[in-house]
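In: sequence plus the predicted model coming up.
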Amino acid sequence: MKDSIRRKLEKLDERFEEIGRLLADPEVIARQNRFRELSMEYSRLAPLTERFRQFAALEGDIAVAREL
């Protein structure tokens, strides 16, 4: 995978984690519009983040297998 693509996916993964924390914040929950916006962004990022994490895990498995 190209480094530029990996960096972009890593940033999206970090954003996904950040949004997850924000959605648990009582101040964000109290602001319905902000909560809705973050929820929508979280939903859009979830499938991409899941696939990226699966890909990264497989890369790790491949690296371990090569060492054997």
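Out: Alright, I've got the coordinates.

In: which stretches in this structure count as strands?
Out: Under the criterion DSSP state E, the chain carries no strands.

In: how about the helices in it?
Out: Remark: helices assigned in the chain by DSSP state H are 3-23, 26-30, 32-67.

In: now tabulate these in JSON lines and tack on mean neighbour count.
Out: Using the backbone N, CA and C atoms, a C-beta is placed for each residue, glycine as well. Listed next are the helices of the chain as JSON lines, based on neighbours: other CB atoms under 10 Å:
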{"stretch": "helix 3-23", "mean neighbour count": "13"}
{"stretch": "helix 26-30", "mean neighbour count": "11"}
{"stretch": "helix 32-67", "mean neighbour count": "12"}
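
In: mean pLDDT added to these, as CSV?
Out: Shown next, in CSV, are the helices of the chain (pLDDT from 0 to 100):
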stretch, mean pLDDT
helix 3-23, 97
helix 26-30, 97
helix 32-67, 95
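
In: pull the contacting residues for the residue positioned nearest the centre of the chain.
Out: The residue lying closest to the centre of the chain (CA atoms, centre = their mean) is Asp13, at 2.6 Å. Asp13 makes contact with 49, 52-53, according to CB atoms under 8 Å, 6 or more residues apart in numbering.

In: same list, those residues, but as JSON lines with distance to Ala63 please.
Out: What follows is the contacts of Asp13, written out as JSON lines (distance: CB to CB, whole Å):
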{"residue": "Thr49", "distance to Ala63": "21"}
{"residue": "Phe52", "distance to Ala63": "17"}
{"residue": "Arg53", "distance to Ala63": "16"}
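
In: which one of those is nearest Ala24?
Out: Thr49 (16.9 Å; CB to CB).

In: re earlier: measure the residue nearest to the centre of the chain to Leu48 for me?
Out: Applying CB to CB, to the nearest Å, the value for Asp13 to Leu48 is 9 Å.

In: ditto for Leu12
Out: Distance of Leu12 to Leu48, given as CB to CB: 6 Å.

In: and Met40, by the same measure?
Out: When Met40 is compared with Leu48 (using CB to CB), they lie 14 Å apart.

In: one more: Ala57?
Out: 15 Å.
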